[in-house]
Every structure is written in structure tokens, then in C-alpha cells.
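**Q** got a sequence here, can you model it:
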Amino acid sequence: MSKIWVELADIPAEGREFSFADQGFWKESLEAFGLRAVLARPLTAEVTVLPQDNGALVRGRLSGAAILPCGRCSEDFEQALDEEFEVFEETAGEDGAAEEARVVSEGGQLRLDLGAVLWEQFVLALPENPLCQEDCKGLCPKCGGNRNFRECGCSEAGDDPRLAPFRNLKIS
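**A** Got it, this is the predicted structure:
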């Protein structure tokens with residue numbers, strides 16, 4: 001994944017706004033992480049970075065759309081994204097977490113990896129269980145047909161003979 005470094009010393013105390021619309025970054029990151037998603041509409045981010053003594057406060061909005069596979073029927077659908085975010089990124093400490101730190105000190109200057117912040121916000125904006133529609137019927141467990149398009153003739157009852165003793169079980 002590409003890193004987008006921002007020198008915090010170059011940003012005034014009142015902060016600086018950044019507009020980010022490089023689609024190559026998103027495509028490269030999707031490929032690098034193997035995320036099954038395609039950009040449907042360009043992803044854009046409007047970000048304000050406010051330097052702090054021990055890091056940076058990052059506020060912004062991420063918008064666009066991605067094509068994702070439905071978690072029930074596996075059909076691709078377009079998921080709109082329009083998320084506001086606010087995160088504080090702390091300077092890497094002495095405890096060895098410098099590999100994952102987004103604010104690092106190099107040559108006495110603090111640098112923020114804005115690319116990592118934007119990627120994290122994109123992943124957090126995606127739904128945990130993406131659905132093509134709220135009432136998606138999913139796939140038939142027997143024939144694998146998409147129940148949103150047609151009803152299959154498969155029976156709902158389990159045909160496993162090992163479960164036969166439980167079919168007439170009554171709970172009192």
C-alpha cells in the first residue's frame with residue numbers, strides 16, 4: 001500500500017485542509033489487501049489535519065461508492081459510502097509499536113502517514129455484513145440457486161437420516 005506522508009511541521013497550528021482524489025491509491029490498496037471490492041464511483045476524501053504536541057488530529061469525510069459481493073447471495077451490488085471521521089494519531093512510543101504508528105519522528109520532524117488513516121477509514125466505512133437488499137433471500141443450501149431470482153423446488157426439511165429421531169420431538 002502506498003504511503004502518503006504529510007510533514008506536520010509544515011502545517012500551521014489551526015490546521016490544513018487536504019483534498020484527496022487519487023483513485024490509483026485506492027485501487028492499489030484494494031489489490032494489496034485482496035479485498036473483493038471494485039470502485040463504482042470515485043472515492044474522495046476531504047481531510048483537515050491539526051498538529052498536536054504528541055501526534056495529529058485528523059478530521060474528514062470519505063465519500064464514493066464500491067461494488068461489493070452480497071453476504072447472503074454473493075451477487076455484486078453498489079454500496080454508497082459517505083462517512084465522517086475524527087481520529088487522533090499518536091506519535092510512536094518506545095514500546096515497539098512503531099511499525100503500526102501513523103505518526104513517526106524522522107530526523108526530529110513528525111510525519112503523518114495519511115494514506116494509512118484514509119485506508120483504515122475506508123475499511124471501517126464498509127458494512128460488516130454487506131447485503132444487496134435488506135430482505136435478501138440468499139442461496140439455496142441444496143441447489144445453490146439464488147432465491148432472489150427464482151424459487152427452487154428444494155425441500156426445506158433436512159434429509160439427513162441421522163436427524164430422523166428428532167423430527168417428531170416435542171418440547172414440553
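
**Q** is residue 146 in a bridge, and if so with what?
**A** residue 139 (DSSP bridges).

**Q** also residue 103?
**A** Beta-bridge pairing for residue 103 (DSSP bridges): residue 91, residue 112.

**Q** the helix or strand of the chain with the lowest mean pLDDT packs against which elements?
**A** Scoring the helices and strands of the chain by mean pLDDT, DSSP states H and E places strand 103-106 at the bottom, with a mean of 86. Contact analysis of strand 103-106 by 3 or more Cβ pairs under 8 Å, 6 or more residues apart in numbering; DSSP states H and E lists strand 109-113 as its packing neighbours. Placement of C-beta: from N, CA and C, glycine included.

**Q** got a pLDDT number for the residue nearest in space to the middle of the chain?
**A** Nearest to the mean C-alpha position of the chain, by Cα atoms, centre = their mean, lies residue 123 at 1.6 Å. If you check residue 123, the pLDDT there is 95.

**Q** in a helix, it, correct?
**A** Yes. Assigned with DSSP: H, G, I helix; E, B strand; the rest coil, residue 123 falls within a helix.

**Q** how about the least confident helix or strand of the chain: buried residues?
**A** With burial defined by 16 or more other Cβ atoms under 10 Å, the residues of strand 103-106 counted as buried are residue 103.

**Q** show me the helices in this protein, by range?
**A** Taking DSSP state H to define them, one finds helices in the chain at 23-33, 114-125.

**Q** on that earlier part again, list of residues touching the least confident helix or strand of the chain?
**A** Under the criterion Cβ atoms under 8 Å, 6 or more residues apart in numbering, residues 8, 55-56, 89-92, 98, 110-113 lie in contact with strand 103-106.
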